[in-house]
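**Q** With the input below, show me the fold.
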Amino acid sequence: MKRVEVIEAVAARQGLVVCTLGLPSRELYALSDKPSRFYMLGSMGMASSIGLGLALAQKKRVYVIDGDGSLLMNLGSLATIAGRAPHNYCLVVVDNKGYGSTGHLPSPTAAGRTDLAQLARAAGIQQVCSVKTLQDLDDCLDRHREECVVIIAETDASSADVPHVPLLPHCIARRFKAEVMKEDAITSKM
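**A** Coordinates of the predicted model:
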């Protein structure tokens, strides 16, 4: 399975998408740019936390596309996700076993000793799926569409040839905020 295929499968779903920095954000932008997409242009490791806060603050389904390297930089987010477990939160971790945006140096998952699904379970997350095919990914997305879920999607190291996201950070934030605020989506928790 290719990372771009995982991103495309998530982008086809209804909801908000927070995407980790680097090549994944570039691929999401090229595949499916919409105001409901939040592209991380920095802050490696923070997509899971930003998505969690967003899921807690509003009603729409929130999909987070993260990388193995990025999640490993913020493993504490898994415990926080487990503790809050919002029903509208879905974290999809693209595990290509490397730091793809920086020359694909091996990540700790490459040696086979670090298992992100086991880490998520150990943090207390109830619904964790490990997938290797697009069919398994779609099945997991469908089966857990109304509950908190972490999906570890094993992919190869390939990257699509796509341009950089041409939007400035404040423009991404402004249009995303407008999308989130549509249709009285904010919960009374704010």
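
**Q** ok, for I125, nearest residue in space, not its chain neighbours?
**A** A82 (4.7 Å; Cβ to Cβ, 6 or more residues apart in numbering). Where you see a C-beta, it was placed from the backbone N, CA and C, and this is true even at glycine.

**Q** before we move on, what about M73?
**A** G45 (3.2 Å).

**Q** longest single helix anywhere in this structure?
**A** Longest helix in the chain by number of residues (criterion: DSSP state H): helix 169-181.

**Q** Could you pull out the buried residues of that helix?
**A** The neighbour-count check on helix 169-181 (16 or more other Cβ atoms under 10 Å) flags 172, 175-176, 179-180 as buried.

**Q** Flag the shaky bits of the protein, pLDDT-wise.
**A** The chain contains residues with pLDDT under 70 at 183-190.

**Q** so what's A47 up against?
**A** 18-21, 40, 64-66, 70 (Cβ atoms under 8 Å, 6 or more residues apart in numbering).

**Q** could you redo the last one with a cut-off of 6 Å?
**A** With contact set as Cβ atoms under 6 Å, 6 or more residues apart in numbering, A47 has these partners: 18, 20, 40, 64, 66.

**Q** My guess is the fourth one contacts Y89. True?
**A** No. Counting by Cβ atoms under 6 Å, V64 does not reach Y89; the two are 7.6 Å apart.

**Q** quick one, which of the two is more surrounded?
**A** V64 (29 against 22; other Cβ atoms under 10 Å).

**Q** Assign the residue nearest to R84 when sequence neighbours are not counted to helix, strand or coil.
**A** With Cβ to Cβ, 6+ apart as the criterion, R84 has its nearest non-adjacent residue at 6.1 Å, and that residue is L56. Look at L56: counting by DSSP: H, G, I helix; E, B strand; the rest coil, its state is helix.

**Q** separation between L56 and D136?
**A** Look at L56 and D136: by Cβ to Cβ, to the nearest Å, they are 28 Å apart.

**Q** and I81, what are its phi and psi?
**A** phi -60, psi -50 (degrees, to the nearest 10).

**Q** Next, count neighbours for it.
**A** By other Cβ under 10 Å, 25 other residues sit near I81.
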